[in-house]
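Novice: the sequence isn't on hand, but the structure is:
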């Protein structure tokens, strides 16, 4: 957390939450090194204002323009988080954890089937 205290939120980025409400986030980045890998320089991106707590993202992406680097890292991580939430919803809602399949193709087929079920349910709501 010592490295995070150096990040003061130098850049601003606007997001929208799940309900469409605009959010203003502040971000900054700082180069860091991990004890286990002292020769590899990483970038720590701190995001303030997206949630109740400070969000820290660690990546190996290198760029000259720090503002652009902060935006890219924050967007990629937040997009990945949405995908993780979607898959968690599908697993819980349709009890995919209880299904046993023997091949990757079967998993893909089940995923596609669940996707169509969600789309149909969404079409019925509107």
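Specialist: Okay, I see it. It should be emphasised that the depicted structure is a prediction, and the values quoted were computed from it without experimental measurement. Numbering: from 1, shown residues only.
Novice: and the chain, what are its domains?
Specialist: Recorded structural domains for the chain (assignment: automatic domain parsing) are 2-86, 94-126.
Novice: weakest of those domains in terms of mean pLDDT?
Specialist: Lowest mean pLDDT of the domains of the chain: domain 94-126, a mean of 74.
Novice: pull out the buried residues from that domain.
Specialist: Along domain 94-126, these residues count as buried under the neighbour rule (16 or more other C-beta atoms under 10 Å): residue 114. From N, CA and C alone the C-beta is placed, and that goes for glycine too.
Novice: same question, stretch 86-95
Specialist: residue 90.
Novice: try stretch 41-58
Specialist: By neighbour count, with 16+ other C-beta under 10 Å as the criterion, the buried positions of stretch 41-58 are 42-50, 55, 57.
Novice: can you list those in TSV and add distance to residue 81 and secondary structure?
Specialist: Rendered in TSV, the data for the buried residues of stretch 41-58 read as follows (distance: C-beta to C-beta, whole Å; DSSP: H, G, I helix; E, B strand; the rest coil):
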residue	distance to residue 81	secondary structure
42	20	strand
43	18	strand
44	18	strand
45	14	strand
46	16	strand
47	12	strand
48	16	strand
49	16	coil
50	10	coil
55	10	strand
57	10	strand
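Novice: most widely separated two among the residues you listed?
Specialist: Across those, the longest distance by C-beta to C-beta is 23.0 Å; it joins 42 and 49.
Novice: any chance of the buried residues of stretch 41-58 in CSV, with distance to residue 22 too?
Specialist: Supplementary listing: those in CSV, determined by distance: C-beta to C-beta, whole Å:
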residue, distance to residue 22
42, 31
43, 27
44, 26
45, 21
46, 21
47, 16
48, 16
49, 11
50, 12
55, 18
57, 21
